[in-house]
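**Q** got a structure for you, letters missing:
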């Protein structure tokens with residue numbers, strides 16, 4: 001059996017596994033789904049599922065799930081795992097974990113610590129009130145979000161309204177949750193690669209950040225049957241104005257200068273009045289990586305970029321070394337080809353995926369960066385006999401938006417294959433996105 005190159009751990013690692021395989025990297029995959037297209041990609045690469053694909057019921061199981069893997073094989077933290085301190089510490093005792101340590105993650109998850117630091121560095125930030133502080137007084141037109149520090153994918157966000165609270169809580173003056181000002185605008189996510197700055201004698205080396213790309217962020221889309229604030233996908237890569245791009249890039253530099261974010265990280269913004277307000281920092285590779293890789297298939301994927309840190313390549317701000325770091329450093333300035341939407345479709349009813357449906361849906365998947373030659377495809381296909389509960393993710397649909405006619409007549413039968421009780425309004429989804437892209441283009 002070939003030796004693994006990396007362990008990928010997250011709620012769902014399908015897209016990162018396919019990225020790794022495209023670059024000749026052998027990944028042990030640990031997630032909560034082991035989707036059918038993930039397993040198919042491993043088989044096509046000659047990697048037996050029994051060893052290379054491992055399903056866990058919760059993140060408390062991750063260290064045990066890879067205990068038999070060579071301890072010299074590093075792990076990359078992906079979506080969800082960054083919120084589980086004990087699991088991260090157990091994994092770190094077992095092997096190298098690429099990404100920031102828990103102390104850094106704790107600071108990035110503390111809105112008071114995060115926003116005060118970024119405000120002092122010139123970034124636009126929302127107002128916030130953290131748990132333990134007094135409740136804010138009512139202000140006309142002001143809306144607050146309640147946010148759970150240890151959640152991801154928007155699942156720990158909800159509107160702050162007094163009717164949500166018990167009579168006992170209403171009588172209290174101290175917050176039991178964090179509140180963050182709701183910024184009404186267009187949400188985007190940016191992917192960055194932290195790189196070491198010029199050598200200095202400081203015990204804390206300075207870092208800069210390379211902007212790899214931006215994508216429109218979709219959340220709480222009822223057309224996709226998602227609950228409020230739940231992650232619904234991305235659209236990109238975006239072509240933003242030079243001024244807006246520079247503001248986003250400066251925010252990433254501010255994060256990298258203040259914290260040891262460790263390679264790839266993401267920053268979520270809401271653009272209002274031409275200004276990008278930072279609403280969250282994600283200390284891990286971002287879910288939008290696929291769209292950037294599709295647009296620049298000749299560059300290394302994000303798993304390659306994160307592994308570049310573990311091989312101790314010489315990163316520098318002024319001259320990023322070959323081959324991986326230099327490609328990343330120049331990537332955001334190179335011409336991109338195309339624009340794609342990834343829609344995360346949520347189930348609108350309880351269902352069970354049968355073997356025949358799994359087989360049929362797999363015929364509409366794309367397992368590599370050859371998506372540029374397709375107008376649309378499916379991904380994150382549930383395995384046969386998987387029970388899908390209403391309100392949970394069902395699969396992903398990718399649509400090429402680079403042409404005015406994405407051939408909706410040919411696409412329309414594809415969502416009809418899914419166990420949905422109502423039709424998926426792809427036309428309406430695409431038109432909504434195009435209107436948002438138009439607004440961004442004017443900033």
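**A** On my side now, so go ahead. Note that the structure is predicted; figures quoted are calculated from it, not measured. Numbers count the residues shown, from 1 in each chain.
**Q** my read: residue 42 touches residue 54, true?
**A** No. Judged on CB atoms under 8 Å, residue 42 makes no contact with residue 54 at a distance of 11.1 Å. No exception for glycine: its C-beta is placed from N, CA and C like everyone else's.
**Q** Got the phi and psi for residue 61?
**A** Phi and psi for residue 61, reported as degrees, to the nearest 10, are phi -100, psi 0.
**Q** so how far is residue 283 from it?
**A** As judged by CB to CB, to the nearest Å, residue 61 and residue 283 stand 22 Å apart.
**Q** which one of residue 42 and residue 54 has more residues nearby?
**A** residue 42 (24 against 20; other CB atoms under 10 Å).
**Q** mind listing what the closest residue in space to the more buried one that isn't next to it in sequence touches?
**A** Closest residue in space to residue 42, ignoring its immediate chain neighbours: residue 52 at 5.0 Å, by CB to CB, 6 or more residues apart in numbering. Listed by CB atoms under 8 Å, 6 or more residues apart in numbering, the contact set of residue 52 reads 4, 26, 27, 28, 29, 42.
**Q** any idea of the pLDDT on residue 256?
**A** Looking at residue 256, its pLDDT stands at 94.
**Q** Give me the distance from the helix or strand containing it to the chain's centre.
**A** Assigned by DSSP states H and E, residue 256 belongs to helix 242-258. Distance of helix 242-258 from the chain centroid (CA atoms, centre = their mean, to the nearest Å) equals 18 Å.
**Q** Only the buried residues of it, if you could.
**A** 244-245, 247-249, 251-258 (16 or more other CB atoms under 10 Å).
**Q** Could you name the helices and strands sitting against that helix?
**A** helix 111-120, strand 186-196, strand 207-219, strand 264-272, strand 275-282 (3 or more CB pairs under 8 Å, 6 or more residues apart in numbering; DSSP states H and E).
**Q** With distance to residue 418 and mean neighbour count added, can I get the ones you listed in a markdown table?
**A** Formatted as a markdown table, the helices and strands packed on helix 242-258 follow (distance: least, CB to CB, whole Å; neighbours: other CB atoms under 10 Å):
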| stretch | distance to residue 418 | mean neighbour count |
| --- | --- | --- |
| helix 111-120 | 37 | 17 |
| strand 186-196 | 26 | 24 |
| strand 207-219 | 18 | 24 |
| strand 264-272 | 28 | 23 |
| strand 275-282 | 29 | 22 |
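**Q** Ok, which of the ones you listed comes nearest residue 92?
**A** strand 264-272 (17.7 Å; CB to CB).
**Q** is it true that residue 32 touches residue 56?
**A** Yes. Look at residue 32 against residue 56 with CB under 8 Å: they come within range, at 6.2 Å.
**Q** Between these two, which contacts overlap?
**A** Going by CB under 8 Å, 6+ apart, no residue sits against residue 32 while also sitting against residue 56.
**Q** Between these two, tell me which one has more neighbours.
**A** Between residue 32 and residue 56, counting by other CB under 10 Å, residue 56 is the more crowded of the two (19 against 16).
**Q** OK, contacts around the more buried one?
**A** Contacts of residue 56 by CB under 8 Å, 6+ apart are 30, 31, 32, 62, 65.
**Q** between these, which is closest to residue 295?
**A** For the contacts of residue 56, the residue nearest residue 295 by CB to CB is residue 31; the value is 25.2 Å.
**Q** pLDDT-wise, which helix or strand of this protein ranks last?
**A** helix 324-331 (a mean of 45; mean pLDDT, DSSP states H and E).
**Q** On the C-terminal side of that one, identify the next helix or strand.
**A** Helix 324-331 is succeeded, C-terminally, by strand 340-346 (DSSP H and E).
**Q** in its sheet, what does that next one sit against?
**A** strand 231-236 (antiparallel), strand 393-400 (antiparallel) (DSSP bridges).
**Q** Please identify the deepest-packed of these.
**A** strand 231-236 (a mean of 25; mean count of other CB atoms under 10 Å).
**Q** How far off centre is that strand?
**A** Per CA atoms, centre = their mean, the centroid offset for strand 231-236 relative to its chain is 9 Å.
**Q** avg pLDDT for that strand?
**A** pLDDT averaged over strand 231-236 gives 94.
**Q** State the pLDDT value of the nearest residue to residue 55 once chain neighbours are set aside.
**A** Leaving aside its chain neighbours, residue 55 sits nearest to residue 34 (4.3 Å; criterion: CB to CB, 6+ apart). If you check residue 34, the pLDDT there is 94.
**Q** okay but residue 34 is in contact with residue 57, surely?
**A** No. Contact between residue 34 and residue 57 fails when scored by CB under 8 Å: they sit 11.7 Å apart.
**Q** In terms of packing, which of these two has more residues around it?
**A** Taking neighbours as other CB under 10 Å, residue 34 and residue 57 compare with residue 34 leading, 21 against 8.
**Q** Backbone dihedrals for residue 385, please?
**A** phi 70, psi 10.
**Q** re earlier: residues that sit against both of residue 42 and residue 54, list them.
**A** residue 29.
**Q** quick one, domains of this protein?
**A** Using automatic domain parsing, the domain ranges for the chain come out as 6-98, 127-181, 183-443.
**Q** Tell me the spatial nearest neighbour of residue 289, not counting adjacent residues.
**A** Nearest one to residue 289, counting by CB to CB, 6+ apart, is residue 302 at 4.1 Å.
**Q** again with residue 230
**A** residue 154 (4.8 Å).
**Q** Make a markdown table from the strands paired with strand 340-346 and add distance to residue 160 to it.
**A** A markdown table is the format used below for the strands paired with strand 340-346 (distance: least, CB to CB, whole Å):
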| stretch | distance to residue 160 |
| --- | --- |
| strand 231-236 | 20 |
| strand 393-400 | 26 |
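**Q** quick one: low-confidence parts of the stretch 151-300 of the chain?
**A** 162-172, 174, 176, 197-206 (pLDDT under 70).
**Q** for the stretch 301-443 of the chain, same thing?
**A** In the stretch 301-443 of the chain the weaker segments, taking pLDDT under 70 as the threshold, are 309-336, 368-373, 403-410, 412, 442-443.
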